[in-house]
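**Q** sequence first, predicted model second:
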Amino acid sequence: MVGADDPGTPVAAAQAIHERIAGSRLVVIPSASHLCNIEQAEVFNQTWSSSSPRPTAEARLQKIRAASISLKNGKGFRRTTK
């Protein structure tokens with residue numbers, strides 16, 4: 001995502017980046033500059049939530065299993081005492 005009026009990363013630069021990243025999607029947010037997530041928060045959040053991939057239930061389960069195995073093997077979180 002890029003603000004239409006962003007002087008630091010103009011739309012042309014964002015377009016060039018987008019063209020080099022396979023599977024990417026370029027969204028230009030009107031009436032916003034470099035801080036489009038603040039200047040047009042509603043548009044930014046709606047676009048972000050609709051385009052962000054959601055992990056599948058299986059992917060979430062795999063993460064939980066991996067974390068469980070790490071904890072059983074003594075890896076992961078460390079307890080500290082004072």
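**A** Received it, and whenever you're ready, just let me know what you need.

**Q** quick one: end-to-end length of stretch 24-40, please.
**A** One end of stretch 24-40 sits 21 Å from the other (C-alpha to C-alpha, to the nearest Å).

**Q** and for it, what's in contact with it?
**A** Defining contact as C-beta atoms under 8 Å, 6 or more residues apart in numbering, one finds that stretch 24-40 is touched by 1-9, 11, 14-15, 17-18, 43-45, 47, 51. For the C-beta atoms, the positions are set from N, CA and C on the backbone; glycine is no exception.

**Q** so which bits of that stretch are buried?
**A** 29, 32-33, 36-37, 39-40 (16 or more other C-beta atoms under 10 Å).

**Q** picking that back up, just the contacts of stretch 24-40: which are in helices?
**A** Counting by DSSP state H, the contacts of stretch 24-40 place 11, 14-15, 17-18, 43-45, 47, 51 in helices.

**Q** could you list the low-pLDDT ranges of the chain?
**A** Residue ranges of the chain with pLDDT under 70: 52-55, 69-82.
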